[in-house]
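> A predicted structure for the sequence below; I have some questions about it.
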Amino acid sequence: MRTISSGSNAGRQAGRFRVRTLSGDGMRLAVFLLIAAVPQSAKTTESAPPAKGLIGTWQATRNFGPVLRGLLTLTRSEGHGLAEIAGQRIPFDASGKTIHCVFPGGQGEFHGALDPKTGEIRGHWIQPATVNAMRRFASPVTLKPSGKEHWRGQVVPLEDEFTLFLVASPGEHGTVQAFLRNPDRNVGVFLVAERLEQQGDSVKLVGHFRNDTVEQVLASDTFRPGSDGSEDGLSLYFPRARATFDFSRIDDDPASHFYARGKDPGEYRYCRPPTDDDGWPTGTLQEAGISEASVRKLIEAVVDPPATSVHDLDIHGILIARRGKLVLEEYFHGFHRETPHDTRSASKSLTATLVGAVIAHGAALSASTPVYRAIYGDDLPPGLEPRKKAMTVENLLRMASGYFCDDRNPSAPGNEDVLQSQTADPDWYHYTLNLPMDSVPGEQPVYCSANANLLGDVLSRTTGKQLPEVFQERIADPLQIKRYYLVLGPDDVPYMAGGSYWLPRDFMKLGQVMLNGGTWNGKRIVSWEWAHRATAPLENLRKLQYGYLWWSIAYPYRGKTVRAFFAGGNGGQLVMGIPDLDLLVAFYAGNYSDPVLYKIQEELVPQYILPALDEVTR
């Protein structure tokens, strides 16, 4: 794949946003922080009238593309090829077994190969870096034969939208207090809005930045009161984003996605999840021994509370499966089963599953394989220190590599923010392999995203294949996953420590594989031993337990204790299995970088879901 630096076309396209990474997350965020900007004074004259006309709820949405999407066609003739999509037509070299189509201006790329068994061309589409994640993504594309030497297939890139909700309400002493909500990246926890001020048609959003008490103007522009029945208009220019957002009132829009289920959702009514072509058998709550009344209380706890703060729990989806059947599927705030969701660090559990799947299907790899031997073979770097020679695949899986890479320590050279921010070495594998050691492998676990990512190098070296191909072969195809978006590093290699986007029902399948002892609909994905050990409480880490890139926690349940394993990601991404209850739960949420996200596993699961169950003997 072609290498693209973070300062190339992707950076120019998204140049209106500057980036700050977030510890423990592994993804760059467009959080409206511009380090070089000079703070604007928030001091205003005493005569400035309050912005009472702005009281209400406002919404602004911007769509950043990408442009290239839709039908991709490839035509081949005597070693020459022609690719076409969305009016763009380019030649490509068709003489080899693989196909590489690179469209001009960094608009997109296709990488694939002809499958001689089916006659299809299968591969991945690489889209430009999104404004939201500031990374490129790889998504699967299958081109089917359509005549001699002609193939056609759909490119469905990850949609790059950015939505801001501004809530303005009466404050003390005639002021108008305000806060921002953003379902895409939760920028409101970084841009801490406090109030709106208005003078004439000029309006200012005043507040401060996270971890900074200095009050300043976060955004300013104009307010245009409606007249003759026209709607009010509000424009806000964010200098640290270099972008203007045009807001519209949504007070009278009962269907706005600001509300979990509309402004007046009415009484919740349970519906059995539909059977789709994704392999999930479905059933009802009653068949699964789950109280519908208790589930109603859970949904009401999500839907009913009024929005009062940026720190309100922002749930996007709740799914429950029991005894192998999907029995609850509910979405909120405009999300639905066809909306890909950012899984953040929950994708680390995918990496563990992929390692187990490669091992289960005969690769020359095991948990005890030395990491540097797997990557370098017999040609180990000269002078390699003994601790690195001793490091194993299991050490990486258990977050106990010994690297100086704690994600909570900004001084650690292997800290995720440091890794992603440095530009001296765009090869993150190479950078990680050269990190200094802090302890003996296996001795002291620390949460380190570089460990999970380095497993990608181990997998590609062991299989001799690129990671998207390995993922498609060992996870996507057997788990009946047709749509996903693998986040890419600066060298276009999938980042294996978090940030991939999945459809909610598909990501949940990883947990069901573990509950099933390594299978999905009768297909062996990982061995029973791997599924058991990956989800076992092997290490104490961050006041919880950790297995092979899966977390572990214990809950009291009817006078006893049940243990749960889960994939967890920033924002409230959770896929949790409880083997003793044959239960699988998935949550997707938008509380990125806010500790309120822990309420899902600490409150919603034990207070609403566990009491709803009858007992089951496995």
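Sure thing, it's come through. Residues are numbered from 1 along each chain as shown.
> when you work out contacts or count neighbours from here on, use the C-alpha atoms and nothing else.
Will do.
> give me the low-pLDDT residue ranges for the chain?
Counting by pLDDT under 70, the chain contains low-confidence residues at 1-50, 227-229, 615-618.
> mind doing that once more with 80?
1-50, 226-230, 240-241, 615-618 (pLDDT under 80).
> name the residue closest to the centre of it, please.
residue 342 (2.2 Å; CA atoms, centre = their mean).
> residue 273 and residue 330, how far apart?
Shown here: residue 273 relative to residue 330, a distance of 9 Å by CA to CA, to the nearest Å.
> actually residue 578, not the one I wrote
20 Å.
> same question for residue 365.
40 Å.
> please apply the same query to residue 468.
Distance from residue 468 to residue 330, by CA to CA: 30 Å.
> please, which helix or strand holds residue 301?
Taking DSSP states H and E as the definition, one finds residue 301 inside helix 292-303.
> for this protein, which segments count as helices?
9-13, 292-303, 347-360, 371-376, 386-390, 393-397, 416-421, 428-433, 449-463, 467-471, 504-515, 528-534, 599 (DSSP state H).
> which of the residues in stretch 135-145 are buried?
135-145 (16 or more other CA atoms under 10 Å).
> what do you get for stretch 431-444?
431-433, 435-437, 440-442, 444.
> in strands, which of those fall?
Using DSSP state E, no member of the buried residues of stretch 431-444 falls within strands.
> how far does stretch 236-247 sit from the chain's center?
Chain-centre distance of stretch 236-247: 25 Å, with CA atoms, centre = their mean, to the nearest Å.
> look up which residues are beta-bridged to the nearest residue to residue 576 once chain neighbours are set aside.
Counting by CA to CA, 6 or more residues apart in numbering, residue 576 lies nearest to residue 566, which is 4.1 Å off, once chain neighbours are set aside. Going by DSSP bridges, residue 566 is paired in beta bridges with residue 551, residue 576.
> use 6 as the first number for this chain going forward.
New numbering, starting at 6: the last item is residue 571.
> picking that back up, what's the separation between the residue nearest to the centre of the chain and residue 509?
Counting by CA to CA - residue 347 and residue 509 are separated by 10 Å.
> residue 68: which of the helices of the chain is closest?
Closest to residue 68 of those is helix 14-18 (CA to CA; 12.7 Å).
> hmm, residue 495 is touching residue 429, no?
No - contact criterion CA atoms under 8 Å: residue 495 and residue 429 do not qualify, at 11.7 Å.
> the two: who's more crowded?
residue 495 (21 against 8; other CA atoms under 10 Å).
> residue 135 versus that one, what's the distance?
Taken as CA to CA, the span from residue 495 to residue 135 is 13 Å.
> can you check residue 486 too?
23 Å.
> one more: residue 418?
27 Å.
> could you do residue 248 as well?
Taking CA to CA, one finds residue 248 at 15 Å from residue 135.
> who has more neighbours out of the two?
residue 135 (22 against 15).
> how many neighbours does the residue lying closest to the more buried one once chain neighbours are set aside have?
The shortest distance from residue 135 to any non-neighbouring residue, by CA to CA, 6+ apart, is to residue 165 (5.9 Å). By the criterion of other CA under 10 Å, residue 165 has 16 neighbours.
> torsion angles phi and psi at residue 165?
phi -110, psi 80 (degrees, to the nearest 10).
> and the gap between it and residue 138?
The value you get for residue 165 to residue 138, if CA to CA is used, is 9 Å.
> residue 459 now?
Taking CA to CA, one finds residue 459 at 21 Å from residue 138.
> more neighbours, the two?
residue 459 (24 against 19).
> list the contacts for the nearest residue to the more buried one once chain neighbours are set aside?
Excluding its sequence neighbours, the residue lying closest to residue 459 (CA to CA, 6+ apart) is residue 434, at 5.8 Å. Residue 434 makes contact with 458-459, 462, according to CA atoms under 8 Å, 6 or more residues apart in numbering.
> equivalent analysis for residue 326, please.
332-333, 588-590.
> can you tell me which two in those residues are farthest apart?
333 and 588 (11.7 Å).
> who touches both of those two?
Going by CA under 8 Å, 6+ apart, residues that sit against residue 333 and also against residue 588 are 325-326.
> residue 115 versus residue 94, what's the distance?
For residue 94, the distance to residue 115 - CA to CA - is 13 Å.
> err, residue 235, not the other one
46 Å.
> of the two, which one has the most company?
residue 115 (23 against 8).
> just checking, that one touches residue 129?
Yes - applying CA under 8 Å as the test, residue 115 and residue 129 come out as touching, 5.8 Å apart.
> thinking again about what came up before, with adjacent residues omitted, what lies nearest to the residue nearest to the centre of the chain?
residue 506 (4.5 Å).
> can you get me a residue count around that neighbour?
For residue 506, using other CA under 10 Å, the count is 22.
> can you check residue 120 too?
Counted with other CA under 10 Å, residue 120 comes out at 11.
> not counting its neighbours along the chain, what's nearest residue 483?
Nearest non-adjacent residue to residue 483 (CA to CA, 6+ apart): residue 528, at 6.9 Å.
> look up how far residue 482 lies from that neighbour.
Applying CA to CA to residue 528 and residue 482 gives a distance of 11 Å.
> phi, psi for residue 180 please.
phi -80, psi 170.
> let me see the contact set for it.
55-57, 200-202.
> repeat that for residue 279.
residue 287.
> same question for residue 409.
417-420, 440-444.
> quick one: those residues as JSON lines, columns for distance to residue 86 too.
JSON lines is the format used below for those (distance: CA to CA, whole Å):
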{"residue": "417", "distance to residue 86": "48"}
{"residue": "418", "distance to residue 86": "45"}
{"residue": "419", "distance to residue 86": "43"}
{"residue": "420", "distance to residue 86": "44"}
{"residue": "440", "distance to residue 86": "44"}
{"residue": "441", "distance to residue 86": "47"}
{"residue": "442", "distance to residue 86": "49"}
{"residue": "443", "distance to residue 86": "52"}
{"residue": "444", "distance to residue 86": "53"}
